[in-house]
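Visitor: Here's a sequence, model it:
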Amino acid sequence: MDTRRQVVKLYLLNLNIQEISIYMNWSIDKTRNLLYRGFADIRKILRAMETQNEK
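Guide: This next block holds a predicted model:
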């Protein structure tokens with residue numbers, strides 16, 4: 001989970017997937033996968049917040 005957060009934070013700081021993979025010393029595939037999973041985590045949290053606000 002922490003690695004996903006790191007990747008998302010770096011992406012939001014305007015680093016692209018290739019730059020993040022170099023910085024973290026990971027493959028591009030691993031970096032891309034962690035980024036997409038990190039964004040999926042964020043979507044899940046936002047959906048849960050949205051349903052709580054509708055009640």
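Visitor: how many neighbours does Tyr36 have?
Guide: 14 (other Cβ atoms under 10 Å). Every residue, glycine included, has its C-beta placed from N, CA and C.
Visitor: And for Asn14?
Guide: Residues contacting Asn14 under the criterion other Cβ under 10 Å number 7.
Visitor: So what does it look like in phi/psi?
Guide: Main-chain dihedrals, Asn14, degrees, to the nearest 10: phi 80, psi 20.
Visitor: which residues touch it?
Guide: Listed by Cβ atoms under 8 Å, 6 or more residues apart in numbering, Asn14 has no contact partners.
Visitor: now do Leu12
Guide: Per Cβ under 8 Å, 6+ apart, neighbours of Leu12: none.
Visitor: ok, it to Leu35 distance?
Guide: When distance is defined by Cβ to Cβ, to the nearest Å, Leu12 is 10 Å away from Leu35.
Visitor: Can you give the distance of the longest helix seen in the chain from its chain's centre?
Guide: When the chain is parsed with DSSP state H, its longest helix is helix 28-54. Centroid separation for helix 28-54 versus its chain: 7 Å, with Cα atoms, centre = their mean, to the nearest Å.
Visitor: low-scoring pLDDT stretches of this structure, where are they?
Guide: Residue ranges of the chain with pLDDT under 70: 1, 55.
Visitor: Could you rerun that using 80?
Guide: 1, 53-55 (pLDDT under 80).
Visitor: Tally up the residues packed near Val8, please.
Guide: Val8: 19 neighbours (other Cβ under 10 Å).
Visitor: Three-state assignment for it, please.
Guide: helix (DSSP: H, G, I helix; E, B strand; the rest coil).
Visitor: still on that earlier bit, buried residues, the longest helix of the chain. List them.
Guide: 31-32, 34-35, 38 (16 or more other Cβ atoms under 10 Å).
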